[in-house]
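Participant: the following comprises the amino acid sequence and a computationally predicted model.
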Amino acid sequence: MTTLHSFSQPRLAAGCRLREMEGEPATLLFPEGILRLKGPGAEILRRCDGQRTFAEIVAEIQAQYRSADPRQIEHDIESFLDRLQKRRVIDL
Amino acid sequence: MSTAPLALIAELTHRCPLRCVYCSNPLELRARSEELSTETWVRAFEEAAQLGTLHVHLTGGEPLARGDLTPLVLAARSAGLYTNLITSGIGLNEKRLSSLVEAGLDHIQLSFQDAEESSADTIAGCSAHAQKVAVAQLISETRLAFTVNLVVHRRNLDRLEEIISFAERLRPHRIEIAHVQYYGWALRNREALLPTLDQVQESVAVVERAKERLKGIKIDFVTPDYYATFPKPCMGGWARLLMVVDPSGKALPCHAAGVIPGLKFENVKEKSLRWIWEESSSFRRFRGEDWMPEPCRTCERRTQDFGGCRCQAFLVAGDAAATDPVCSLSPHRHLIDAVLKRINLSPLSADIGSSAEPGAGNVKALDTDLALRQRWAYRTNPAGVRERPEL
């Protein structure tokens, strides 16, 4: 496990991809599994391009969800990415 | 009404250059002349995607034996399916691999029989190990998700630690270690393959240590159900998550379901995948809980293991509607225990078989690769397929 830092640049791991089709919720596809994404999950993963840093992703999501507590957003994104890294879906 | 199958398992062909003694293919293999056309497979992939299926596993036999594998990958990916190739690697070169990657392949699973060439080739029944190692090198240079599949049994379990180290050096993202499941050719060779209790317990410890050590590689481990207290949730429940289509187009709820008598399996050439999934009698036969006998019917585990495996119930207990005989609560558990007793009391004589003459020299000497090769039933090929030269 790599520790997530503000300067980490998360990206989808090899063989993991986001499926976004008309009329259905976004789904993350990976070896032997899927994850149906709810809420801002797809918004976060779309930004995991290996370029944006964790801090930049957090800032963009905070800007998009202005009514939510920014610290809560950061915490949620951190635990979401940690979980996905444990499942080898995200590389840091 | 059930939800869509999560994955379609497409057995593209039963032809295979390997002759592995643990092969899960049925004993009755489909001939090349029976295989579906490219067009029919393409239509099946499109129908699966429309039904809501997300993954397709291209398997066999050896899927590379199909000359149209690249167009099939392209069709599956174009239909929106996550595309996985399960292969021995024999028949894969740099050019063909890059065409598969270009076509949109997402994930590749490459199987190994052992870490050491001669024993790997003995299990595979042909010379394949060295080529597989070369193929692994090619795969690790692509952007594909790469899984190394290891099938373990009594013949190679004592080397599990070194087999895992070998797999690690191939630089995969995942290692899948699966104990043999006893269907098809593996069931025929059960006496030679079933591990002892000591080996199974040691394998669990070895895998735990490897998981601790290999943090960067994901290890999936399938334990042998003969030694379990409760059955495996076979296929995630009958016709609940998965659909298998065999090389001739026959749709099955499980690879081995063809052995169950009295079920009519529909063909994708004649019926839509949706109709087969939702309406066909074979898919509905053991779906849900209505079919369940006691002790399953009132068991609180029925929503976790779905009564276990219908094929195993038929193969061991002679009744596909019985509780899986590996379950400790099954009235047929004694049939499994009798096999385990035989294996554990005298694993070596179980190796040698009842034909070994008493006092016929050194027992150890009989337990050689040569003796094994003569005794095992190697998987054959469908009629008309030229075999690779034997060892």
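Facilitator: Great, that's in hand. Numbers count the residues shown, from 1 in each chain, chains lettered A, B, ... in the order given.
Participant: what stretches of chain B score poorly on pLDDT?
Facilitator: In the prediction, chain B carries residues with pLDDT under 70 at positions B:1-2, B:346-374, B:386-391.
Participant: who in it is up against chain A?
Facilitator: B:6, B:54-55, B:80, B:82, B:84, B:106-107, B:143-147, B:173-174, B:215, B:218, B:220 (Cβ under 8 Å from any Cβ of the partner chain). (C-beta placed from N, C-alpha, C; glycine too.)
Participant: narrow those to just the buried residues.
Facilitator: B:6, B:54-55, B:80, B:82, B:84, B:106-107, B:144-147, B:173-174, B:218 (16 or more other Cβ atoms under 10 Å in any protein chain shown).
Participant: from those residues, which ones fall inside strands?
Facilitator: Among these, DSSP state E puts B:55, B:82, B:84, B:107, B:145-147, B:174, B:218 in strands.
Participant: tell me which parts of chain A are close to chain B?
Facilitator: Proximity of chain A to chain B is assessed by Cβ under 8 Å from any Cβ, with A:1, A:13-17, A:19, A:21, A:27, A:29-32, A:34, A:87-88 identified as the residues in range.
Participant: for chain A, which helix is longest?
Facilitator: Counting residues, the longest helix found in chain A (DSSP state H) is helix A:70-86.
Participant: buried residues in that one?
Facilitator: Neighbour counts over helix A:70-86 (16+ other Cβ under 10 Å) mark A:73-74, A:76-77, A:80-81, A:84-85 as buried.
Participant: what is the nearest of those to chain B?
Facilitator: Lowest distance from chain B to the buried residues of helix A:70-86 (Cβ to the nearest Cβ) belongs to A:Gln85, with 10.9 Å.
Participant: got the contact list for the closest one?
Facilitator: The contact partners of A:Gln85, by Cβ atoms under 8 Å, 6 or more residues apart in numbering or on different chains, come to A:1-2, A:4, A:10, A:91-92.
Participant: and the residues you listed, which is closest to B:Ala257?
Facilitator: Proximity of the contacts of A:Gln85 to B:Ala257 (Cβ to Cβ) peaks at A:Asp91, which lies at 38.7 Å.
Participant: the closest one: neighbour count?
Facilitator: Burial of A:Asp91, expressed as a neighbour count using other Cβ atoms under 10 Å in any protein chain shown, amounts to 19.
Participant: quick one: contacts for the nearest residue to B:Gln50 once chain neighbours are set aside?
Facilitator: Closest residue to B:Gln50 apart from its sequence neighbours, by Cβ to Cβ, 6 or more residues apart in numbering or on different chains: B:Arg274 at 7.5 Å. Counting by Cβ under 8 Å, 6+ apart, B:Arg274 touches B:47, B:50-51.
Participant: next up, the contacts around the residue nearest to B:Ala79 when sequence neighbours are not counted.
Facilitator: Nearest residue to B:Ala79 in three dimensions, chain neighbours excluded: B:Ala49, at 3.9 Å (Cβ to Cβ, 6+ apart). B:Ala49 makes contact with B:79-81, according to Cβ under 8 Å, 6+ apart.
Participant: which among those gets closest to A:Ala63?
Facilitator: For the contacts of B:Ala49, with A:Ala63 as the reference and Cβ to Cβ as the criterion, the closest is B:Gly80, at 31.3 Å.
Participant: got phi/psi on the closest one?
Facilitator: When quoted as degrees, to the nearest 10, the phi and psi of B:Gly80 stand at phi 100, psi 10.
Participant: likewise for A:Phe30?
Facilitator: Backbone torsions of A:Phe30, given as degrees, to the nearest 10, read phi -150, psi 170.
Participant: rewinding a little: for the helix or strand just after the longest helix of chain A, give me every contacting residue.
Facilitator: Of the helices and strands lying after helix A:70-86 in sequence (DSSP states H and E), the nearest is strand A:90-91. With Cβ under 8 Å, 6+ apart as the contact definition, strand A:90-91 has outside contacts at A:10-13, A:16, A:48, A:81, A:84-85.
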